[in-house]
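In: heads up, no residue letters with this:
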């Protein structure tokens with residue numbers, strides 16, 4: 001009988017080992033989820049969520065979803081309000097891919113609710129992409145062939161749900177090719193991005209904050 005691990009390329013096994021070494025922010029709850037089967041011969045996927053936590057009087061100021069959650073639930077909130085969610089997928093094709101420009105590809109998705117004033121800012125998409133680039137640079141995660149889209153999602157309720165307030169979410173879908181099979185720094189950078197989307201302090205040095213609210 002052939003062990004299933006014998007069918008897994010050594011480079012992919014090495015990459016999996018480097019994922020386990022990542023030190024992610026404690027506010028981030030990571031768990032393995034089913035990986036997409038059609039994107040590459042080998043893949044692993046992680047799901048993440050950031051939940052609201054209470055903030056003491058000496059805590060740094062919050063912004064975005066974190067600020068809204070505490071304003072709604074009170075400073076003593078024990079948690080339970082979802083601030084941001086995300087997915088981190090590592091793909092591997094031993095044959096390589098001209099589109100990827102390599103044998104590995106990281107595909108990510110992050111979503112968080114924004115305050116209406118922030119969600120209407122025209123620079124929001126640019127800032128979201130800047131978070132990704134700067135997080136990778138801050139963690140010294142070498143990469144190439146990065147691409148992605150930032151989308152604002154407006155949700156309105158009608159009929160029996162008309163009393164629900166409208167919401168604006170920011171979604172970032174991105175992918176890039178790690179320069180080596182060592183993806184520890186890439187997962188750490190991504191975990192910082194999810195927490196930044198959630199509005200949790202402190203912002204890593206060099207990361208651009210959300211645009212200031214517009215004043216009428």
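Out: Great, that's in hand. From a predicted model like this one, the values you see are computed outputs, not experimental measurements.
In: which intervals of the chain have sub-threshold pLDDT?
Out: By pLDDT under 70, the weakly predicted segments of the chain are 1-6, 53-80, 115-122, 161-162, 165-166, 201-216.
In: what helices or strands is the longest strand seen in it leaning on?
Out: Of all segments of type strand in the chain, defined using DSSP state E, the longest is strand 82-97. Packing partners of strand 82-97 (3 or more C-beta pairs under 8 Å, 6 or more residues apart in numbering; DSSP states H and E): helix 10-20, strand 42-51, helix 64-73, strand 102-114, helix 184-198. Heads up, the C-betas are built off the backbone N, CA and C, glycines and all.
In: relative orientation of the fourth one and strand 82-97 in degrees?
Out: Right, the one you point to is strand 102-114. Angle between the axes of strand 102-114 and strand 82-97 is 160 degrees (criterion: axes from the mean of the first three to the mean of the last three C-alpha atoms, to 10 degrees).
In: chain center to strand 102-114, what's the gap?
Out: Here the centre of strand 102-114 is set off from its chain's centre by 6 Å, with C-alpha atoms, centre = their mean, to the nearest Å.
In: and the last one, by the same measure?
Out: The chain centre lies 6 Å from the centre of helix 184-198; the measure is C-alpha atoms, centre = their mean.
In: against which helices or strands is it packed?
Out: By 3+ C-beta pairs under 8 Å, 6+ apart, helix 184-198 packs against helix 10-20, strand 28-33, strand 42-51, helix 64-73, strand 82-97, strand 102-114, helix 124-138, strand 167-178.
In: same list, the helices and strands packed on strand 82-97, but as a markdown table with mean neighbour count please.
Out: Listed next are the helices and strands packed on strand 82-97 as a markdown table, based on neighbours: other C-beta atoms under 10 Å:
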| stretch | mean neighbour count |
| --- | --- |
| helix 10-20 | 15 |
| strand 42-51 | 20 |
| helix 64-73 | 19 |
| strand 102-114 | 22 |
| helix 184-198 | 25 |
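In: got these as JSON lines, with distance to residue 131 columns?
Out: Formatted as JSON lines, those follow (distance: least, C-beta to C-beta, whole Å):
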{"stretch": "helix 10-20", "distance to residue 131": "21"}
{"stretch": "strand 42-51", "distance to residue 131": "14"}
{"stretch": "helix 64-73", "distance to residue 131": "12"}
{"stretch": "strand 102-114", "distance to residue 131": "9"}
{"stretch": "helix 184-198", "distance to residue 131": "5"}
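In: out of the ones you listed, which is closest to residue 151?
Out: Closest to residue 151 of the helices and strands packed on strand 82-97 is strand 102-114 (C-beta to C-beta; 9.2 Å).
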